[in-house]
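Enquirer: Just a sequence and a predicted model for now, questions to come.
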Amino acid sequence: MPPPLPFPTRASDAHKGDLGRVLLIGGSRGMAGSISLSAIAALHTGSGLVSAAVPDRCLETVASFHPCLMTIPLKQNSQGQFCTDAVSELTQRIGPFDAIGCGPGMSTSEGAIEVVRLLLRQRNRKRVFDADAINCLATMGWPTTATSDAGPIVLTPHPGELLRLTGVAPSERDGQIDAAQALAAQHNVTIVVKGGPTVVVAPEQRWTNDNGNPGMATGGTGDVLAGMITSLLGQGMSPWDAARLGVWLHGAAGDEAAKTHGQAGMTALELLLAIPKLTAAYENGTI
Ligand SMILES: NC(=O)C1=CN([C@@H]2O[C@H](COP(=O)(O)OP(=O)(O)OC[C@H]3O[C@@H](n4cnc5c(N)ncnc54)[C@H](O)[C@@H]3O)[C@@H](O)[C@H]2O)[C@@H](O)CC1
Ligand SMILES: Nc1ncnc2c1ncn2[C@@H]1O[C@H](COP(=O)(O)OP(=O)(O)O)[C@@H](O)[C@H]1O
Ligand SMILES: [Mg+2]
């Protein structure tokens, strides 16, 4: 299948400020890798400036994974997860960002829930909720709140997270997709229903991806996808377009990684490092 839409082009006089300032929020002690994968994926997907907001004790770890990342330390509880004081600091810092991705490795601490509440109030900002941000939404009863327009949001649940959001079991694949679409309609958002294949749903539309492979069933590949979609939102795409192109590029990068490393041998890191092959192929006109 060809890509669902072209990759964003950059003007010859583009500067980093034109290409999206994005923020990835998450991580906790023991899960510093997840938010790092998301943030580095955003860099490789073309974002001009990428920052990661993490609990203070994860900061050196996250910063040391990639020299191009900026980091924002937030207050933490005794387990190295966001505490409620993290929210006031974050409120001061989120002003400049074109898109924000939240959730990988974040935990569902009280502070994490408050971070998600803060992001829900940012109705004009493009946001991605993944992993624990989705678990926080489930905990706070968001799926059953009154019909609303939540603004530009992409949710990226795997089947286990979708069960928490909708009550429909992973064994009911079609039921999960229907429930996701009903939820998308209720809040006017886009939902990436992950799996093999992944299906993207919006209130009135469905799109099924057809690349990717079971080598992607390895910890961290979803964290990479969250960063890629956040990056595309930050480069000006709509939630529907960013979700479809992100899922397609992610699957294609997974196929590249499997070609070189095999399905068993590949990890989320090889998928992440295959992203530039795809963006280069767009630039060379070979896809
Ligand atoms: N390097 C890291 O620090 C990593 C941290 N991670 C973080 O770990 C935390 C927990 O996330 P997990 O996703 O591991 O745990 P979850 O408890 O959310 O999900 C795992 C469960 O969901 C169900 N599930 C998932 N995919 C399914 C599928 N395709 N079909 C059927 N059932 C499925 C299964 O019941 C599975 O046991 C999150 O914060 C996540 O971001 C993970 O992203 C892995 C990598
Ligand atoms: N069998 C498969 N075929 C295609 N894609 C898969 C398969 N298994 C997993 N994936 C993809 O890998 C990613 C896994 O995401 P997720 O479960 O959130 O991982 P993590 O939280 O560990 O980063 C999703 O994008 C999913 O579609
Ligand atoms: Mg995940």
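Expert: Done, it's in. Residues are numbered from 1 along each chain as shown. Ligands and ions are numbered 1, 2, ... in the order given.

Enquirer: okay but Pro104 is in contact with Asp132, surely?
Expert: Yes. Counting by Cβ atoms under 8 Å, Asp132 is a contact partner of Pro104 at 7.4 Å. Any C-beta I mention is one placed from the backbone N, CA and C, and that applies to glycine too.

Enquirer: Tell me which of these two has more neighbours.
Expert: Pro104 (32 against 29; other Cβ atoms under 10 Å).

Enquirer: Is that one in a helix, a strand, or coil?
Expert: Classification of Pro104 using DSSP: H, G, I helix; E, B strand; the rest coil returns coil.

Enquirer: Can you tell me the closest non-neighbouring residue to it?
Expert: Ser34 (3.8 Å; Cβ to Cβ, 6 or more residues apart in numbering).

Enquirer: Report whether the helix or strand where the one you found lies contacts ligand 2.
Expert: Using DSSP states H and E, the secondary-structure element containing Ser34 is helix 32-44. No. Shown here: helix 32-44 not in contact with ligand 2 (Cβ under 6 Å from any ligand atom), separated by at least 6.6 Å.

Enquirer: helices or strands up against that helix?
Expert: Using 3 or more Cβ pairs under 8 Å, 6 or more residues apart in numbering; DSSP states H and E, the elements in contact with helix 32-44 are strand 21-25, strand 49-55, helix 59-65, helix 221-234, helix 268-284.

Enquirer: List just the one of these that sits closest to ligand 3.
Expert: Counting by Cβ to the ion, ligand 3 lies closest to helix 221-234 out of those; the figure is 3.1 Å.

Enquirer: Now do that closest one against strand 21-25, angle only.
Expert: 150 degrees (axes from the mean of the first three to the mean of the last three Cα atoms, to 10 degrees).

Enquirer: need the next SSE after helix 221-234, C-terminal direction.
Expert: Taking DSSP H and E, what comes next after helix 221-234 is helix 239-261.

Enquirer: right, is that following helix up against ligand 1?
Expert: No. Judged by Cβ under 6 Å from any ligand atom, helix 239-261 and ligand 1 are separated, with a smallest distance of 13.9 Å.

Enquirer: part of a strand, is Met266?
Expert: No. The secondary structure assignment for Met266 gives coil rather than a strand, going by three-state DSSP.

Enquirer: Hmm, Gly220 and Thr267 touching each other?
Expert: Yes. Thr267 is within contact range of Gly220, at 7.0 Å (criterion: Cβ under 8 Å).

Enquirer: who's more crowded, the two?
Expert: Legend: neighbour count by other Cβ under 10 Å for Thr267 and Gly220, higher for Gly220 (21 against 16).

Enquirer: Flag the shaky bits of the stretch 1-150 of the chain, pLDDT-wise.
Expert: For the stretch 1-150 of the chain, not a single residue meets the criterion pLDDT under 70.

Enquirer: Within range of ligand 3, give me the residues from the stretch 51-200 of the chain.
Expert: Ala131 (Cβ under 5 Å from the ion).

Enquirer: Look up the closest residue to the residue of the stretch 51-200 of the chain found nearest ligand 3, ignoring the ones flanking it.
Expert: In the stretch 51-200 of the chain, the residue that lies nearest ligand 3 is Ala131 (4.3 Å; Cβ to the ion). Among residues not flanking Ala131 along the chain, Gly103 sits closest, at 4.1 Å (Cβ to Cβ, 6+ apart).

Enquirer: Can you give me the distance of the one you found to Leu69?
Expert: 17 Å (Cβ to Cβ, to the nearest Å).

Enquirer: what does Gln122 give?
Expert: From Gln122 to Leu69 the distance is 22 Å (Cβ to Cβ).

Enquirer: In the chain, which residue sits nearest ligand 1?
Expert: Per Cβ to the nearest ligand atom, Gly160 is where the chain lies closest to ligand 1, at 2.0 Å.

Enquirer: what helix or strand is that residue on?
Expert: Going by DSSP H and E, Gly160 is in helix 159-166.

Enquirer: What parts of this protein come near ligand 2?
Expert: So the chain meets ligand 2 at 131, 158, 194-196, 198, 212-214, 216-217, 219-223, 225, 250 (Cβ under 6 Å from any ligand atom).
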